[in-house]
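**Student:** here are the coordinates; sequence isn't available:
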């Protein structure tokens, strides 16, 4: 297939690009996928993900007695998004309604027909800010893919590779786009640099040595190049200081080095409208990876609700800043102290029941679809193997038999003030006194009791309430939590057909965008907050929209 035979150029071979390519090839269209990394990186960030998917009214929810609906999910989405910009939120609002409708109707069957399966326990992520109309999921909606991120990639990649064998798809690996070609007001192709060949393993940072140039032309181009998660300079440039306080001095990277955000500026220079660039999604529970794959590699703790959370000064975070409740609010609460880290204090009983780690490689049982290992890992006594490995080898962990030794260990790894043992002890003891009755005025303990009313949490996710300082539940554990970079929530403005919008509000002929580069749809479908399980789903939905729109609109061959 020569470039003259191409119907569509797709820039980026991550999940959104693969979904768009899949939809185009289903309609018999010819696609050239332009990717700056090598073939080993097909699927990009999605491969490394936990594979969580936001779905509404699913069979898995119904089996667990969860009553969900489009109306409830849309209420949660809009309360979380907080859309407040007339111009920049015009399309994101419409994408939000469309995406929640997709999650409540077609999404489950669409993925099931492709061969994707879901584990039976639905997770309860981003439990919220404490009001019905505010941020958070009112019910559990985090559907964990059986096979995690690699499986989400596989169900689209396999048909794309089959289309490659049939001559409908060609990949141009190690081709880095530097420019969108514009002719008479329309995008007609891309121009860029050929990078030297690389045999680096998936995720490993690759060379940027240029060995040549290229130019490809086609009637339409889909930009699906991802976000800015490893570009700390760009993150800090766009950081919303007014909302979150100063940008963290220390950040660790939750995505590989190739997630550089280059195509945002390249598209803007060509004439695309870039909106909501100050909206982003970074996690507060980051760990330095003791066995890294990419530079500054970070892993996120996906916590249950029971760990006590303290800022760098040793002050317990105020409600509703509990583990797993309100990521952005908690991020702001941490940073307003003037420091860029915080602490979990917990027990062995809590870590065994409540700690999970993000990433497909941190969950070999589910990623490998090994039912026997999954049952052993999730139901037997002791922390999961990857969690225990971080506890033993991770630089952010302190383990001790008593609080005095724990605080001494915390002070050795603190990047800021030295913690006062007596102050920390007083707060823990005050919390522990509240455990003696089945009712309490402590809002975190109320939240734990509420969580344990949900069968999925009680069985596999939330520890039975106990005193932190009870030796029977020891040893004590402290975890230094770092800011982990992850997602761009703003991006290229697009209409519901994924057409990129120009600053004048009109569609940019020949240019489409999908996935994180488009804010997962519209230039920011999440608004200010994500409900989780929505990033992979946003790539799928926006990639599907782009592929189907072009399959309909391009002239027949």
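**Tutor:** Structure received. Treat the numbers as computed from the prediction; the structure is a model and nothing was measured.
**Student:** Skipping its backbone neighbours, what lies nearest residue 545 in space?
**Tutor:** Of all residues not flanking residue 545 in the chain, residue 498 sits nearest, at 4.6 Å (CB to CB, 6 or more residues apart in numbering). Backbone N, C-alpha and C define where each C-beta goes, glycine included.
**Student:** show me the contacts for that neighbour.
**Tutor:** 222, 512-514, 518, 521, 542, 545-546, 549 (CB atoms under 8 Å, 6 or more residues apart in numbering).
**Student:** Which one (most neighbours) among those residues?
**Tutor:** Ranked by the number of neighbours (other CB atoms under 10 Å), the contacts of residue 498 place residue 518 first, at 40 neighbours.
**Student:** And the next helix or strand past the least confident helix or strand in the chain by mean pLDDT?
**Tutor:** Ranking every helix and strand in the chain by mean pLDDT, DSSP states H and E puts helix 371-379 at the bottom, with a mean of 80. Using DSSP states H and E, the helix or strand that directly follows helix 371-379 along the chain is helix 385-393.
**Student:** Which secondary structure elements does that next one sit against?
**Tutor:** strand 356-357, strand 397-400 (3 or more CB pairs under 8 Å, 6 or more residues apart in numbering; DSSP states H and E).
**Student:** tell me the mean pLDDT for that helix?
**Tutor:** Helix 385-393 carries an average pLDDT of 95.
**Student:** Show me which positions of that helix end up buried.
**Tutor:** Applying a neighbour-count criterion of 16 or more other CB atoms under 10 Å, one finds 386-387, 390-391 buried in helix 385-393.
**Student:** Same question for stretch 25-33.
**Tutor:** Neighbour-count burial for stretch 25-33, counted by 16+ other CB under 10 Å, picks out 25, 29-33.
**Student:** Distance from that stretch to the middle of the chain?
**Tutor:** The chain centroid and the centroid of stretch 25-33 are separated by 28 Å, computed with CA atoms, centre = their mean, to the nearest Å.
**Student:** Can you give me the end-to-end span of it?
**Tutor:** End-to-end distance of stretch 25-33 (CA to CA, to the nearest Å): 12 Å.
**Student:** Tell me the strands beside the longest strand anywhere in the chain, with direction?
**Tutor:** The residue-count maximum for a strand in the chain (DSSP state E) belongs to strand 476-488. Its sheet considered, strand 476-488 pairs with strand 251-253 (parallel), strand 280-288 (antiparallel), strand 341-347 (antiparallel), strand 397-400 (antiparallel) by DSSP bridges.
**Student:** returning to what we had before: tell me the one of the contacts of residue 498 nearest residue 160?
**Tutor:** Proximity of these to residue 160 (CB to CB) peaks at residue 222, which lies at 13.6 Å.
**Student:** In the sheet, which residues pair with the closest one? Tell me.
**Tutor:** Assigned bridge partners for residue 222, using DSSP bridges, are residue 10, residue 512.
**Student:** give the contact list for it.
**Tutor:** By CB under 8 Å, 6+ apart, the contact list for residue 222 reads 8-11, 17, 20, 498, 512-514, 546-547, 550.
**Student:** now those in a markdown table, with distance to residue 358 and pLDDT?
**Tutor:** Shown next, in a markdown table, are the contacts of residue 222 (distance: CB to CB, whole Å; pLDDT from 0 to 100):
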| residue | distance to residue 358 | pLDDT |
| --- | --- | --- |
| 8 | 33 | 98 |
| 9 | 32 | 98 |
| 10 | 27 | 98 |
| 11 | 27 | 98 |
| 17 | 22 | 98 |
| 20 | 25 | 98 |
| 498 | 28 | 98 |
| 512 | 30 | 99 |
| 513 | 26 | 98 |
| 514 | 23 | 98 |
| 546 | 27 | 98 |
| 547 | 28 | 98 |
| 550 | 33 | 98 |
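**Student:** now these as TSV including distance to residue 123?
**Tutor:** Formatted as TSV, these follow (distance: CB to CB, whole Å):
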residue	distance to residue 123
8	36
9	37
10	32
11	33
17	27
20	28
498	29
512	32
513	29
514	26
546	29
547	29
550	35
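**Student:** with these in mind, which one is nearest to residue 448?
**Tutor:** Nearest member of those to residue 448, counting by CB to CB, is residue 514, at 39.3 Å.
**Student:** My guess is the closest one contacts residue 18. True?
**Tutor:** No. At 10.2 Å, residue 514 and residue 18 do not qualify as touching, with contact defined as CB atoms under 8 Å.
**Student:** that older thread, looking at the strands paired with strand 476-488, which is nearest to residue 433?
**Tutor:** strand 341-347 (16.1 Å).
**Student:** List the contacts of the closest one.
**Tutor:** 250, 284-285, 301, 303, 306-312, 314, 317, 323, 334, 354, 406, 410, 415-416, 419, 424, 428, 466, 468, 470, 473-483.
**Student:** let's see 6 Å
**Tutor:** 307-308, 310-312, 334, 415, 468, 473, 477-482 (CB atoms under 6 Å, 6 or more residues apart in numbering).
**Student:** How about stretch 178-186?
**Tutor:** By CB under 6 Å, 6+ apart, stretch 178-186 touches 187-193, 270, 509-510.
**Student:** Now which of the residues you listed would you call buried?
**Tutor:** 187-190, 192-193, 270, 509-510.
**Student:** Can you give me the neighbour number for residue 165?
**Tutor:** 8.
**Student:** same question, residue 247
**Tutor:** 18.
**Student:** in the stretch 451-557 of the chain, which spans are helices?
**Tutor:** Along the stretch 451-557 of the chain, counting by DSSP state H, counting those that start in this stretch, helices occupy 455-460, 535-553.
**Student:** so what secondary structure elements neighbour the shortest one?
**Tutor:** Think helix 455-460. Taking 3 or more CB pairs under 6 Å, 6 or more residues apart in numbering; DSSP states H and E as contact, there are no helices or strands that helix 455-460 lies on.
**Student:** Mind listing what's buried along it?
**Tutor:** So for helix 455-460, counting by 16+ other CB under 10 Å, buried means 456-457.
**Student:** Equivalent analysis for the longest one, please.
**Tutor:** Residues of helix 535-553 classed as buried under the neighbour-count rule (16+ other CB under 10 Å) are 535-551.
**Student:** ditto for stretch 246-253
**Tutor:** For stretch 246-253, using 16+ other CB under 10 Å, the buried residues are 247-248, 251-253.
**Student:** ok, and what's touching it?
**Tutor:** With contacts defined as CB under 6 Å, 6+ apart, stretch 246-253 is touched by 230, 232, 236, 239, 286, 288, 296, 298, 340, 482-485.
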